[in-house]
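Colleague: give me a model of this one.
(one chain, ligands or ions: 2)
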Amino acid sequence: MTLQPALAHDAFCRPLAADGQSLSYLCGHSLGLAPRAAAERVAHEMHRWATLGVRGHFEGADRGDTPWAQASEPLRAPLARLVGASVDEVVAMNSLSVNLHLLLLSFFRPQGARSRVLLGRHAFPSDRLALESQCRLHGLDPAACLVEAQATEGVSMTDAVLRELHRHGERVALVWLDAVDYTTGEVVDIGRVARAAQAAGARVGFDLAHAIGNLPLALSEDGVDFAVWCGYKYLNGGPGGLGGAFVHRRFHDDAQLQRLEGWWGQAAGSRFAWGQQPREREPGAGAWQLSNPPVLAAAALAASLELFDRFPASTWRARSLALTALARDSIEALDRPPLRILTPADPARRGSQLSLDLPGQAVAMEHALLRHGVVCDARGANILRVSFCPLYNDADDVRALAQALEQLL
Ligand SMILES: Cc1ncc(COP(=O)(O)O)c(C=O)c1O
Ligand SMILES: Nc1ccccc1C(=O)C[C@H](N)C(=O)O
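Modeller: Numbering: from 1, shown residues only. Ligands and ions are numbered 1, 2, ... in the order given. Down below sits the predicted model:
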């Protein structure tokens, strides 16, 4: 497979160093690059705002524009393709932590002895806070409710979760897991976890922050109950960009499910219904929407989703695996202890991210690599994260990293 140039090399803006040289950007796991078309799309909506004012909410369809009242609708089909769902199972809204709270209100319903949440040891701080506060909302002590699964040398995260389910199964109300661990880059077997959780009688949800746009997903077929994501990492939707959520279709007509409501969760025709008038809610995952969509964020995300739609998922996934394989080989060939790769070597258990273990040196190495023209990031004192996004990274970026590490270690 040829790894040059990147699949959509010219479609992205490149961050520059102070001397004007373009940088090797290996930080798409934190913030994806700006698609060139994003600025044009945002500028177009600004122009519509300037020239149409309030009429922009409902006008423009005849000129090929999306009226603002429907701004997030065109995002649903490409997002559904990325997560492996039908269009009515996904919705573009809010940001990740907000969506997590909204869906926890529906899917975390502790009852009696079944009151525990099984989560990964490395759960993102915001997820843990959300879960703890939801426990308190139900009058429960988070310290007693949260049970952690931890992957160790030789035990995958998937197996660790299955082991905890075996131990605590009948007390678990919810399994909540990162589909890709943001510290180690390990990918979990979503289908196996979902089946095991449901067999134990628990609900199961996934944080897709580091998974969506990183590897193909099949949420619907895997039977996942719900999932949430942010739009600014592999989705390249821009800082603070528009997130999203998945709700499996078996819950769409479940009258037992509690849900916080706002007018945008109502069908378009009933959003302005006064008082006690009969209302009709949006079908599917759209019913979890509260507010009208952020138009500028939706415009930026649309630019990136169009790039994803140029390639079958198998194409960008194969590129991603080839780039990380090349990076692994190049880093291992350096043979510079204590540098070690933490991310599983098994292609089925890794995405575009490699986490390097550099005890005590990760932060200094992040800064040194930047001076050598490579952008990556440190998490804690030991972990250095790099990722190879097939839309904009290629073998030159891998070489830039390997050469810089060779000089610095
Ligand atoms: C795994 C994970 N979960 C949750 C979040 C929080 O996202 P947000 O700030 O969009 O709520 C992040 C960071 O973006 C993350 O990496
Ligand atoms: N949005 C941010 C704003 C400021 C600093 C970091 C972030 C991140 O997204 C970090 C990312 N969630 C991570 O994987 O660590």
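
Colleague: in this protein, which residue sits nearest ligand 2?
Modeller: Nearest to ligand 2, among the residues of the chain, is residue 182, at 4.3 Å (C-beta to the nearest ligand atom). Where C-beta positions appear, they are placed from N, C-alpha and C, glycine not excepted.

Colleague: so which bits of the stretch 1-150 of the chain are right by ligand 1?
Modeller: Within the stretch 1-150 of the chain, the positions near ligand 1 by C-beta under 6 Å from any ligand atom are 95-97, 124, 126-127.

Colleague: okay, and which of those map to helices?
Modeller: Secondary structure defined by DSSP state H assigns 96-97, 126-127 of those to helices.

Colleague: just flag the most distant two among these.
Modeller: Distances among those were taken as C-beta to C-beta; the most separated pair is 96 and 127, at 8.3 Å.

Colleague: shared neighbours, the two?
Modeller: residue 207 (C-beta atoms under 8 Å, 6 or more residues apart in numbering).

Colleague: follow-up on the earlier one: same list (the residues of the stretch 1-150 of the chain next to ligand 1) but as CSV, adding neighbour count and pLDDT.
Modeller: Shown next, in CSV, are these (neighbours: other C-beta atoms under 10 Å; pLDDT from 0 to 100):
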residue, neighbour count, pLDDT
95, 20, 98
96, 23, 98
97, 19, 98
124, 20, 96
126, 14, 98
127, 22, 98
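
Colleague: all helices of the stretch 301-409 of the chain, in order?
Modeller: If you assign secondary structure with DSSP state H, counting those that start in this stretch, the helices in the stretch 301-409 of the chain sit at 313-334, 362-371, 395-408.

Colleague: then the chain?
Modeller: In the chain, the segments counted as helices under DSSP H are 36-52, 73-83, 96-107, 125-137, 142-145, 157-168, 190-199, 219-222, 295-308, 313-334, 362-371, 395-408.

Colleague: comparing those, which comes out most buried?
Modeller: Stretch with highest mean neighbour count among the helices of the chain: helix 295-308 (a mean of 23; mean count of other C-beta atoms under 10 Å).

Colleague: for that helix, which helices and strands make contact with it?
Modeller: For helix 295-308, the contact count by 3 or more C-beta pairs under 8 Å, 6 or more residues apart in numbering; DSSP states H and E identifies helix 36-52, helix 73-83 as packing neighbours.

Colleague: got TSV for those, with mean pLDDT and distance to ligand 2 too?
Modeller: Supplementary listing: those in TSV, determined by pLDDT from 0 to 100; distance: least, C-beta to the nearest ligand atom, whole Å:
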stretch	mean pLDDT	distance to ligand 2
helix 36-52	98	17
helix 73-83	98	18
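
Colleague: contact partners for the nearest residue to residue 109 once chain neighbours are set aside?
Modeller: Computed as C-beta to C-beta, 6 or more residues apart in numbering, the closest residue to residue 109 that is not its neighbour in sequence is residue 173, at 6.8 Å. Counting by C-beta under 8 Å, 6+ apart, residue 173 touches 108-111, 114-117, 202-203.

Colleague: out of the residues you listed, name the ones that lie in strands.
Modeller: 116-117, 203 (DSSP state E).

Colleague: most neighbours, which of these?
Modeller: Using other C-beta atoms under 10 Å as the neighbour test, the ones in strands among the contacts of residue 173 are led by residue 117, with 27 neighbours.

Colleague: ligand 2 contacts on the stretch 151-300 of the chain?
Modeller: With C-beta under 6 Å from any ligand atom as the criterion, the stretch 151-300 of the chain comes near ligand 2 at residues residue 182.

Colleague: spell out which parts of the stretch 151-300 of the chain neighbour ligand 1.
Modeller: Residues of the stretch 151-300 of the chain lying close to ligand 1 by C-beta under 6 Å from any ligand atom are 178, 182, 207, 209-210, 230, 243.
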